[in-house]
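Trainee: can't give you the sequence, but here's the structure:
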């Protein structure tokens, strides 16, 4: 009976995992299938196109669309936002996790609360501010607002991670002659790699997919990011929506995120296996 229950439990787990994978990947698969359909057969409902064509991918990288430049802009904006967020959040989260001072809980509450403001509520004041200082159609007009939303999430994630790490790690390092800074750099940061890389993935994905700020602060095609460029794809006629090109562009934009997750996943697993406290 126990053997049957164990086998049933394993089967249920496998079925559940398969169902989750299918549920998550089905939209991506349909987007890919739609991207390789000819424009005349874009509304077919078959699981695989009757005729495979890569004309949509060629249309995506038409020089007139400026999509290649938009991808570079997205890399610059998302990469800079991620680096700055990690630099600030790492020190802030470590201080909040290790230092005891009055009002620390209130500060953490405020940090989380700032991430709850809807972007649409602040985008107009930001537009007026950046217009006044001449920041429209610049990278900083997209990076700074994205950073303001990325920092609370990064600080909160890293704070939780640092708080779980035993204080004995720093104490043992200081007994061996390390300064507090050396203990943080040589002991804490290597062990904190899983949390840092996980936070980096979340921040980068959010900054990469950000649309509202980018479409408001930029009206120059040379400065627009990939999500904005996709939204402005036009068809042959005024009222035609280029679904195939949009699907192909969506695949192109998603691929870097998939590669990023796969690369960081290895480092996260390696960091988790390497971290530990000897008893």
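Mentor: Nice, thanks for sending it over. This is a predicted model, so every value here is computed, not measured. Residues are numbered from 1 along each chain as shown.
Trainee: Now do the helices in the stretch 51-200 of the chain.
Mentor: 55-60, 67-98, 104-114, 119-132, 140-164, 168-175, 180-183, 189-191, 193-209 (DSSP state H, counting those that start in this stretch).
Trainee: Can you list the helices and strands that the fourth one packs against?
Mentor: Under the contact criterion of 3 or more Cβ pairs under 8 Å, 6 or more residues apart in numbering; DSSP states H and E, helix 119-132 touches helix 140-164, helix 212-217. The C-beta positions use only the backbone N, C-alpha and C, and glycine is treated the same way.
Trainee: Residues contacting the shortest one, please?
Mentor: By Cβ atoms under 8 Å, 6 or more residues apart in numbering, the surrounding residues in contact with helix 212-217 are 77, 119-120, 123, 126-127, 130, 135-138, 141-142, 145-146, 224-225, 227-228, 231.
Trainee: what ranges of the stretch 101-250 of the chain fall below the confidence cut-off?
Mentor: Counting by pLDDT under 70, the stretch 101-250 of the chain shows low-confidence ranges at 235-240.
Trainee: swap the cut-off to 50 and go again
Mentor: 237 (pLDDT under 50).
Trainee: Check this structure and tell me which residue is nearest its centre.
Mentor: residue 205 (1.3 Å; Cα atoms, centre = their mean).
Trainee: burial of residue 188, as a residue count?
Mentor: Neighbour count for residue 188, taken as other Cβ atoms under 10 Å: 19.
Trainee: In this structure it contacts residue 94, no?
Mentor: Yes: using Cβ atoms under 8 Å, residue 188 is in contact with residue 94, at 7.1 Å.
Trainee: Which residues are in contact with each of these two?
Mentor: residue 162.
Trainee: Now residue 264: phi and psi?
Mentor: Backbone geometry at residue 264, expressed as degrees, to the nearest 10, gives phi -70, psi -30.
Trainee: what's the spacing between it and residue 83?
Mentor: Using Cβ to Cβ, to the nearest Å, residue 264 is found at 14 Å from residue 83.
Trainee: Likewise for residue 129?
Mentor: 24 Å.
Trainee: Then residue 119?
Mentor: 21 Å.
Trainee: picking that back up, who has more neighbours out of residue 264 and residue 83?
Mentor: residue 264 (18 against 14).
Trainee: need the contact list for the more buried one.
Mentor: Neighbours of residue 264 in contact, by Cβ under 8 Å, 6+ apart: 197, 198, 200, 201.
Trainee: what's the closest non-adjacent residue to the last one?
Mentor: It refers to residue 201. residue 264 (5.4 Å; Cβ to Cβ, 6 or more residues apart in numbering).
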